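Enquirer: 3D model of this:
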Amino acid sequence: MMRSVLLILLLLVGCKSEKKYHASDETIQVESSKVEEILDFQKDLNTTFKNPKTSPLPDRYRKDFNGLDFFKPDTTYQVLARFERTPNAVPFLLNTTTGEKTEEVLFGIAHFELNGKQHQLEIYQTPALLTQEKYRDYLFLPFLDETNGSETYGGGRYIDLTIPEGSTILIDFNKAYNPYCVYNKKYSCPLVPRQNYLRTTVRAGVKNFLKP
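Expert: As a prediction, the model looks like this:
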């Protein structure tokens, strides 16, 4: 329908609109690729949960598992944040759900706009993971928002990130997932620091897990 309307406008207005038509067509394609990436993330996460070798689900939940409950993909929750690095940060201990502590380092602070408001979130690096090659560029973003306890898990959610090359970092809240301890108490999950509470609703990513 959208392409038909644009084509009619192209015929009526002429060459000047032709540029707009192609620009709009490109925008539609970019939007489609972003949504496809989100859907691929959801598919991969569901595959992980279904596989007995990688799933955090106990057998009694996994055998009837048909997929996680996700919010509908929404590209407005993909934000390009200004990334303020903190190279002199001192490691600190973060509490976990089991009472243990995990060592983290504040790697940087993301500054961005979401839902018409300015926000910032701390992004961490885990020193214990740096010995593994695949985690050399890994960054950890735990966050809380106003959907916690109703639409999403009360303890907040996580997003996996990669160290950016420049001064910006892309945060896709559509890729927010629950800590594994939501599904199985044997996992020890870092608690989200209060400074990473977003005073807005983030209706993107994985919803709360309701046990069958």
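
Enquirer: C-alpha from now on. contacts and neighbour counts both.
Expert: Will do.

Enquirer: you'd agree residue 61 is in a helix?
Expert: Yes - assignment of residue 61 by DSSP: H, G, I helix; E, B strand; the rest coil places it within a helix.

Enquirer: and it, what does it touch?
Expert: 211, 212 (C-alpha atoms under 8 Å, 6 or more residues apart in numbering).

Enquirer: that one and residue 68, how far apart?
Expert: Residue 61 sits 12 Å away from residue 68, going by C-alpha to C-alpha, to the nearest Å.

Enquirer: now do residue 157
Expert: 14 Å.

Enquirer: quick one: which of these two has more around it?
Expert: Legend: neighbour count by other C-alpha atoms under 10 Å for residue 157 and residue 68, higher for residue 157 (26 against 17).

Enquirer: may I have the phi/psi pair for the nearest residue to that one once chain neighbours are set aside?
Expert: Nearest residue to residue 157 in three dimensions, chain neighbours excluded: residue 178, at 4.9 Å (C-alpha to C-alpha, 6 or more residues apart in numbering). Backbone torsions of residue 178, given as degrees, to the nearest 10, read phi -80, psi 150.

Enquirer: residues near residue 178, how many?
Expert: A total of 22 residues lie near residue 178 under the criterion other C-alpha under 10 Å.

Enquirer: which SS class is the spatially closest residue to residue 58 that is not a sequence neighbour?
Expert: In space, residue 58 comes closest to residue 184 once its chain neighbours are excluded; the distance is 6.6 Å by C-alpha to C-alpha, 6+ apart. Three-state assignment for residue 184 (three-state DSSP): coil.
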